[in-house]
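Undergrad: give me coordinates for this.
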Amino acid sequence: MTEQPDGSALVSEAATPEIKQHRSFSIVWIVPIVALLIGAWLVYKAVSEKGPTITITFESADGLEAGKTKIKYKDVVLGTVTAIALADDFSHVTVTAEMAKESKNYLTEKTRFWVVRARVAAGQVTGLGTLFSGAYIGIDPDLEGKSMRHFKGLEKPPMVTGEVAGRQYRLAANRLGSLTPGSPIYFRQIQVGQVVDFKLEPNGENVAIDIFVQEPYYQFVRQKTRFWIASGLDVDLTANGLRVDTESVVSLLIGGLAFATFPHEDAGPEAEEGTHFQLYDTYEAARDDRYTVKRDMIVEIKDSVRGLSVGAPVEFRGLQIGMVTGINLDADFENLDFTVPVRIELEPERLHLAIPKGEKEAIDRWQRLLDKGFRAQLETGNLLTGQLYIKLDIFEDAPPAKLSFYGNMPVIPALPSSSQEIMQGVTRFVKKLDQLPLEAIGKDLQNTMAGMDRLVNGPDLRDAVKSLRDILDELKTTTQTLNADTVPRINTALAEMTTVIKDLDGWVSADAPLQGDLRKTLEELAAAGRAISDLADMLERHPEALIQGKGSKDQ
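TA: Numbers count the residues shown, from 1 in each chain. Alright, predicted model coming up:
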C-alpha cells in the first residue's frame with residue numbers, strides 16, 4: 001500500500017512559490033498611446049495652422065454677426081469674426097476675429113479694414129451682393145510697416161486700394177464746390193482718377209483735397225500742370241455772352257476735376273507722389289495763371305455802372321488785358337460830387353510789354369500814354385444781357401489829363417460811354433423838339449391842308465385837267481401823223497446820207513486818186529514856197545536887183 005503524504009508537507013510546499021518578473025511590453029498600452037499621439041498631433045496642427053487673432057474697432061456693429069461675418073479679400077475668406085463687444089464707454093464696438101495663417105505678414109500698420117455694405121456714392125453702386133449674403137469686412141493688406149494686431153476700422157470704404165497702381169497728389173482750393181470722395185478726374189475728357197478725400201486746413205482759409213491719378217496717366221501730371229473744377233454745368237454769363245461747358249454727364253451730376261498742361265509753356269519734369277498743386281475755379285482762371293505780372297489801377301467813372309460786374313473783361317483794341325476786380329462809390333457831400341472808382345487788374349504780359357524797371361519809369365510811361373489820349377470807356381458787350389466791359393484805347397481828341405493816384409494805384413480817366421453819348425444826344429434833341437412851337441406849326445399845317453383841299457376839289461383844277469387831256473390827245477394825233485409821213489422820208493434821207501459817206505470814204509482813202517493829186521499839189525506848193533524863200537533871201541542881200549535885174553549884176 002502506497003504511503004500518502006501528510007497535509008503539513010503540502011502546505012509547506014505551497015507556501016514557498018517562485019516569483020519571476022515579467023519584462024515584455026503589454027499590447028494593452030498601444031491604443032491609449034496612439035490616441036495620445038494623435039491628439040497631440042491634432043493640437044499641434046491646430047495651433048500651427050491657426051492664424052493670428054486681431055481686434056478691429058468700429059463706430060457701429062451694423063450688419064456684423066459673431067461666428068458668421070467673414071473677412072474677405074478679393075472674395076477670398078481670410079478670417080472670421082468670433083466676438084463683438086461694446087466698449088466700456090459705449091463709444092464704439094470691438095470686433096475680434098481669427099485670421100488665416102497666410103495673412104500674418106499682411107497685418108501691418110498700413111493695413112485697413114472696413115465693412116462692405118450696399119452703397120450708392122459718387123455715381124457708383126457697390127456691394128450689391130451683400131443684400132443677399134450679408135455684410136462682410138473688407139481688407140486692404142499691406143506688407144510695409146510694422147506688424148499690428150489692433151486696428152481702427154474705416155467707416156467708409158477707401159476710394160483707392162493698394163492693388164490699384166497710381167500716384168496721389170494734394171490740391172489747395174478756396175472752396176470745395178460739389179466735389180465728394182469718388183468724384184472723377186478728367187484729362188482730355190477721359191477719366192484718369194478720382195478724388196480720395198478732403199479736409200479743411202487748420203487756418204480755415206483753404207480746403208486740402210487729396211486726389212489719385214491711375215497708372216499710366218500720372219505721367220501727364222507735370223510740375224506746371226494746372227487743375228480746375230469741372231463740376232456740373234459751367235454757365236458763365238459775362239459781357240462776352242453766355243457760355244455753357246461740361247466735361248461729362250457724370251461730372252454734370254456729381255462734379256469732377258480736370259487738368260492740363262497748357263501749350264507754349266515749360267511743363268517741367270514729371271510730378272512726384274504727394275506734389276501739391278493749386279486748384280482753380282474755372283478753366284479760364286487756370287489758363288490765365290501764366291500771367292504772373294499784374295498791375296492794379298483805378299478807372300474813375302461818372303456814369304452809371306449798371307451792367308458792369310466784377311470779372312468783366314478789360315480790353316485794349318479788342319484784346320483782353322485784364323479784368324474788373326472791384327466796384328466802389330466815392331461821395332463828396334460838400335461838393336455833391338459822386339464818382340465810381342472801378343478797380344481793374346491789368347496783365348501787361350498779354351501784350352508782351354516790357355515791365356518798367358522802377359516806379360519813376362512806370363509813372364513816366366503812364367503820363368506819356370495820357371498825353372497821347374489814353375482813356376477808358378464803358379462799352380456794351382452784349383445787347384441781349386446788357387453786360388458792360390471796360391475799353392481802353394487812344395482817343396486823339398481827348399482833353400489833356402495829368403496822372404493822378406487813388407491810394408497807391410494810378411488813375412485812368414474815363415470818357416462817357418458811346419451809349420451815354422447817344423442818350424445825351426437824344427436828350428438834347430428832345431429838348432430842342434420841346435422848344436418848337438408845335439401848336440402854331442400844327443395850325444399852319446391845318447390851314448395849308450384846307451387850302452390844298454379847296455384847290456384839289458375846286459373847278460379850276462378840273463378844267464385844267466380837262467385842258468391837259470385835250471392837249472395830250474392832240475399830241476397823240478400829231479405823233480401818229482409824223483409816224484406815218486415823216487418816218488419813210490427820214491429812212492430815205494438816211495440811205496442817201498449813207499451813200500454820200502461811202503463816196504467820201506472812197507475819196508479820202510489812202511489809195512484814192514484824190515489823195516495822190518492832193519499830195520502832188522502839196523509838194524508843188526512846198527517847192528514854190530522854197531523858191532519864194534530863196535527870192536526873198538536874194539532880194540534882202542541885193543535889193544538893187546529889182547531895178548537892174550539879175551543879169552546886170554552878173555555883168
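Undergrad: where does the stretch 151-300 of the chain dip in pLDDT?
TA: Across the stretch 151-300 of the chain, the ranges flagged by pLDDT under 70 are 232-254.
Undergrad: where do the helices sit along it?
TA: 249-254, 283-288 (DSSP state H, counting those that start in this stretch).
Undergrad: chain center to the last one, what's the gap?
TA: The gap between where helix 283-288 is centred and where its chain is centred comes out at 7 Å by C-alpha atoms, centre = their mean, to the nearest Å.
Undergrad: restricting to C-alpha, output it in PDB.
TA: Provided in PDB are the C-alpha atoms of helix 283-288 (Å, rounded to 0.1, in the frame of the first residue of the first chain):
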ATOM      1  CA  TYR A 283     -10.600 126.700 -66.900                       C
ATOM      2  CA  GLU A 284     -10.100 130.300 -67.800                       C
ATOM      3  CA  ALA A 285      -8.600 131.000 -64.300                       C
ATOM      4  CA  ALA A 286      -6.200 128.100 -64.800                       C
ATOM      5  CA  ARG A 287      -5.200 129.200 -68.300                       C
ATOM      6  CA  ASP A 288      -4.600 132.800 -67.300                       C
END
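Undergrad: buried ones in that helix?
TA: If you call a residue buried by 16 or more other C-beta atoms under 10 Å, then helix 283-288 has these buried ones: 283-284, 286. In this view, the C-beta of every residue, glycine as well, is placed from N, C-alpha and C.
Undergrad: which other helices and strands does that helix contact?
TA: Packing partners of helix 283-288 (3 or more C-beta pairs under 8 Å, 6 or more residues apart in numbering; DSSP states H and E): strand 226-229.
Undergrad: 10 Å instead?
TA: In terms of contacts (3 or more C-beta pairs under 10 Å, 6 or more residues apart in numbering; DSSP states H and E), helix 283-288 is packed against strand 226-229, strand 234-238, strand 257-260, strand 276-280, strand 319-327.
Undergrad: surely residue 412 is within a helix?
TA: No. Membership of residue 412 in a helix is not supported by DSSP: H, G, I helix; E, B strand; the rest coil, which gives strand.
Undergrad: how far away is it from residue 393?
TA: 11 Å (C-beta to C-beta, to the nearest Å).
Undergrad: overlap in contacts, these two.
TA: Listed contacts common to residue 412 and residue 393 are 374-376; contacts here mean C-beta atoms under 10 Å, 6 or more residues apart in numbering.
Undergrad: thinking again about what came up before, settle it for me: which of residue 412 and residue 393 has more neighbours?
TA: The neighbour comparison of residue 412 against residue 393 (other C-beta atoms under 10 Å) goes to residue 412, with 24 against 16.
Undergrad: quick revisit: ok, so of the shared contacts of residue 412 and residue 393, who is nearest residue 455?
TA: Nearest to residue 455 among the shared contacts of residue 412 and residue 393: residue 375, at 58.9 Å, using C-beta to C-beta.
Undergrad: quick check, nearest of the shared contacts of residue 412 and residue 393 to residue 28?
TA: Among the shared contacts of residue 412 and residue 393, and counting by C-beta to C-beta, the member closest to residue 28 is residue 376, at 117.1 Å.
Undergrad: now for that closest one, which secondary structure element holds it?
TA: Here residue 376 sits within strand 374-380, counting by DSSP states H and E.
Undergrad: one step back: buried among the shared contacts of residue 412 and residue 393? Need that as a selection in PyMOL.
TA: Only the buried entries of these go into this PyMOL selection, using 16+ other C-beta under 10 Å:
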select buried, resi 374+375+376
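Undergrad: so which of the shared contacts of residue 412 and residue 393 is the closest to residue 534?
TA: Scanning the shared contacts of residue 412 and residue 393 for proximity to residue 534, where the rule is C-beta to C-beta, the winner is residue 374, at 86.1 Å.
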